[in-house]
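In: I'll drop the sequence and a predicted model, then ask my questions.
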Amino acid sequence: MTRSFPRFPVLVLLCLLVVSALPGQGLCAEPPKAGGTVPPGLTLRGPLSPEDRSYLGIGAGESFKLSEVKGGFVLLEVVGVYCPQCHVQAPLFDKLFTRLSQDPDLGGKVKMLGMAAGATKEEMEYLRESGVYKFPVASDPDYAAHKLLGEPKTPFTMLLDAKGKVLYAHLGIVEDVNALYEQIVALTR
């Protein structure tokens, strides 16, 4: 009688070894927290207006990496098109955008950017035409960036430095935008 080799467990072990040896995609197991980092190469898509591209300091391509945004810091808000909390927060963040843009010290240093997780082309058109957001909102139609960020619920807000380090992270509505503004001032000195 011949003894059979346990092929299945060996095959599973080999697959796990191969997968662990592949270059990582930088997936976050959970949404980033302050002190953590966002995965390198986080890519978002337009369409963005020429004014939005100029504000962000990015080129005219279909997509762009978050690391390409000029300024040094990005306040990134992950939103859902049908997220009621996101719509409640939108006017508060529009005021924050105006305040940051008009601040002589922060205006060129901190860029606000929204990421509409799962938004279709038509939904992006709706957001743009309705004027819900005064600051640029990029799309993530296939949830690729959302998955890289650990699939946070919305709204999810992060302040990132140029290397992708998370200086601030918050899940849910930011009730006190003035306090957030003061935190941005302190964190970007």
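Out: Arrived safely. Numbers count the residues shown, from 1 in each chain.
In: so what does the helix or strand where residue 116 lies touch, helix or strand wise?
Out: For residue 116, the element it lies in under DSSP states H and E is strand 110-117. Secondary-structure packing of strand 110-117 (3 or more CB pairs under 8 Å, 6 or more residues apart in numbering; DSSP states H and E): helix 50-56, strand 73-79, helix 84-102, helix 121-130, strand 137-140, helix 144-148. Placement of C-beta: from N, CA and C, glycine included.
In: show residues contacting that strand.
Out: For strand 110-117, contacts defined as CB atoms under 8 Å, 6 or more residues apart in numbering pick out 44, 55-57, 66, 69-81, 93, 96-97, 100, 123-124, 127, 133, 135-140, 143, 145-146, 154, 159, 184, 188.
In: picking that back up, figure out which of the helices and strands packed on strand 110-117 is closest to residue 167.
Out: strand 73-79 (7.6 Å; CB to CB).
In: so what strands line up beside the closest one?
Out: strand 110-117 (parallel), strand 156-161 (antiparallel) (DSSP bridges).
In: tell me which residues of it are tucked away?
Out: By neighbour count on 16 or more other CB atoms under 10 Å, the buried set for strand 73-79 is 73, 74, 75, 76, 77, 78, 79.
In: about what we covered before: any chance of the strands paired with strand 73-79 in a markdown table with distance to residue 178 as columns?
Out: As requested, the strands paired with strand 73-79 are exported to a markdown table (distance: least, CB to CB, whole Å):
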| stretch | distance to residue 178 |
| --- | --- |
| strand 110-117 | 15 |
| strand 156-161 | 15 |
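In: nearest to residue 36, out of the ones you listed?
Out: strand 156-161 (9.5 Å).
In: need the residues that contact the closest one.
Out: Residues contacting strand 156-161 (CB under 8 Å, 6+ apart): 31-32, 38, 66, 72-78, 110, 149, 166-171, 174, 180, 183-184, 187-188.
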